[in-house]
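A.B. asks: Okay, here's the prediction I keep looking at, along with the sequence it came from:
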Amino acid sequence: MKIMGFFQKYLVVSVALSLCLLLIVSCTTPPATIPESNGEELITYQMEIDLLGTKHEAAINSQGKIESSAQATSAEGTISLYIDKDTIILDKDGELIQLIQATIDPNPPPPPEDANKVGPVYDLAPQGATFNPPIKLTLTYDPKELPEGLTEKDVYIACYEDGKWEMLRYKQVDTERHEVTTRIDHFARYAVLIPSKESTPIPAPEPGTTSVVDRVDVVYFHRTNRCRSCIYAETGIRYTLETYFQKELSSGKLTFKSVDVQDASNAAIVKKYGAYTSQLFINTVIGDTERIEDVTEIWLFIGNDEAFCHVVRTKIAKALEGAG
């Protein structure tokens, strides 16, 4: 079919232009920022993860790289950490870490003026410890503590350091388990927050009328060294946009960016989206509100042109309508 031919044409061109970058490097391989081994055999030791008194262990080598994925959860399930295999874990001085610990802050800072805390403030130590790529932090909340007029979809995780709170825009809210997940690249103090006032409801567009959505930003993140699947994904996204959404692209209602997560000049946008590897995000902008979605489904359809295009097209169409 035509989609297949178009994908193949663009994929061949993209691969040809990127041969010097591939060299059999995987998209999920973290950058080489770890200490040199100088040819010496790496030593493996057990790093302890203590979450509110519940202890776990993870194998980590003498370069600070975790040897297998690790998930740790406190006894009551109120806080969890998930660390991908090969994540580099170092303290603020670039030294190895033997203990990760989460405690409840006995003297928590007050919430920002425009938000309320939903649950305790967690102190993750050692503060300043860094993770490359970022790790997942999951905190639970009590839905009974939510202010009247607000819903579980309004909760988010915020970081407190340098005397101020910062909202982490990337989030996944599980309303059945009453938990919210974000990605963090360093340790500080974290808590679940919710706006103190009910936000202005976003009306659903009437049939046949213009959508209330101001703009939809489609952002594809990738590493400097790109694998075949990564190039395929960007090719498919570009094809879908140019084929089905040319009018919206021309008007500025729909935008597209391809961003290298390892380029220091992209640090601000990488932090905003919580990106760390090859990922597609769709950001629906309505007034002062931004709804960021990590579209993970695309990786199930690499090589299946029709299905890949359908997923991307459907997600963008719903975002333009203000759905989701």
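C.D. replies: In hand now; what should we look at? Numbers count the residues shown, from 1 in each chain.
A.B. asks: in the stretch 101-250 of the chain, which spans are strands?
C.D. replies: 115-125, 130-140, 156-161, 164-167, 172-174, 179-186, 189-195, 215-222 (DSSP state E, counting those that start in this stretch).
A.B. asks: Dump those into JSON lines; add distance to residue 76 and mean pLDDT as well.
C.D. replies: Every residue, glycine included, has its C-beta placed from N, CA and C. Shown next, in JSON lines, are the strands of the stretch 101-250 of the chain (distance: least, CB to CB, whole Å; pLDDT from 0 to 100):
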{"stretch": "strand 115-125", "distance to residue 76": "12", "mean pLDDT": "96"}
{"stretch": "strand 130-140", "distance to residue 76": "8", "mean pLDDT": "92"}
{"stretch": "strand 156-161", "distance to residue 76": "18", "mean pLDDT": "94"}
{"stretch": "strand 164-167", "distance to residue 76": "25", "mean pLDDT": "92"}
{"stretch": "strand 172-174", "distance to residue 76": "16", "mean pLDDT": "89"}
{"stretch": "strand 179-186", "distance to residue 76": "12", "mean pLDDT": "92"}
{"stretch": "strand 189-195", "distance to residue 76": "15", "mean pLDDT": "95"}
{"stretch": "strand 215-222", "distance to residue 76": "35", "mean pLDDT": "95"}
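A.B. asks: Of these, which is nearest residue 70?
C.D. replies: strand 130-140 (9.2 Å; CB to CB).
A.B. asks: returning to that earlier point: just put the strands of the stretch 101-250 of the chain in TSV and tack on distance to residue 304.
C.D. replies: Converted to TSV, those look like this (distance: least, CB to CB, whole Å):
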stretch	distance to residue 304
strand 115-125	40
strand 130-140	27
strand 156-161	34
strand 164-167	37
strand 172-174	25
strand 179-186	28
strand 189-195	38
strand 215-222	18
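A.B. asks: Just put those in TSV and tack on mean neighbour count and distance to residue 322.
C.D. replies: Shown next, in TSV, are the strands of the stretch 101-250 of the chain (neighbours: other CB atoms under 10 Å; distance: least, CB to CB, whole Å):
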stretch	mean neighbour count	distance to residue 322
strand 115-125	20	24
strand 130-140	20	28
strand 156-161	20	20
strand 164-167	15	22
strand 172-174	14	18
strand 179-186	20	22
strand 189-195	22	19
strand 215-222	22	10
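A.B. asks: Could you give the average pLDDT over the helix or strand hosting residue 280?
C.D. replies: Using DSSP states H and E, residue 280 sits in strand 279-286. In this model, strand 279-286 has an average pLDDT of 93.
A.B. asks: Please name every helix or strand in contact with it.
C.D. replies: strand 215-222, helix 267-273, strand 289-294, helix 305-321 (3 or more CB pairs under 8 Å, 6 or more residues apart in numbering; DSSP states H and E).
A.B. asks: Sketch out the low-pLDDT regions of the chain for me.
C.D. replies: 1-40, 197-211, 323-324 (pLDDT under 70).
A.B. asks: how's it carved up into domains?
C.D. replies: Here the domain parsing of the chain from automatic domain parsing is 2-26+210-321, 44-195.
A.B. asks: OK, contacts around the spatially most central residue of the chain?
C.D. replies: Ranked by distance to the mean C-alpha position of the chain (CA atoms, centre = their mean), the top residue is residue 274 at 3.7 Å. Contact analysis of residue 274 by CB atoms under 8 Å, 6 or more residues apart in numbering lists 134, 168-170, 182-183.
A.B. asks: that older thread, indicate which one of the strands of the stretch 101-250 of the chain is closest to residue 65.
C.D. replies: The nearest among the strands of the stretch 101-250 of the chain, by CB to CB, is strand 130-140 at 9.5 Å.
A.B. asks: pull the CA atoms of the closest one into PDB?
C.D. replies: The C-alpha coordinates for strand 130-140 follow below in PDB (Å, rounded to 0.1, in the frame of the first residue of the first chain):
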ATOM      1  CA  THR A 130      21.800  11.800  40.200                       C
ATOM      2  CA  PHE A 131      20.300   9.200  37.900                       C
ATOM      3  CA  ASN A 132      21.000   8.800  34.200                       C
ATOM      4  CA  PRO A 133      18.500   8.000  32.800                       C
ATOM      5  CA  PRO A 134      15.900   9.300  35.200                       C
ATOM      6  CA  ILE A 135      14.200   6.900  37.500                       C
ATOM      7  CA  LYS A 136      10.400   6.500  38.200                       C
ATOM      8  CA  LEU A 137       9.000   7.700  41.500                       C
ATOM      9  CA  THR A 138       5.500   6.700  42.500                       C
ATOM     10  CA  LEU A 139       3.600   8.100  45.500                       C
ATOM     11  CA  THR A 140       0.200   7.200  46.700                       C
END
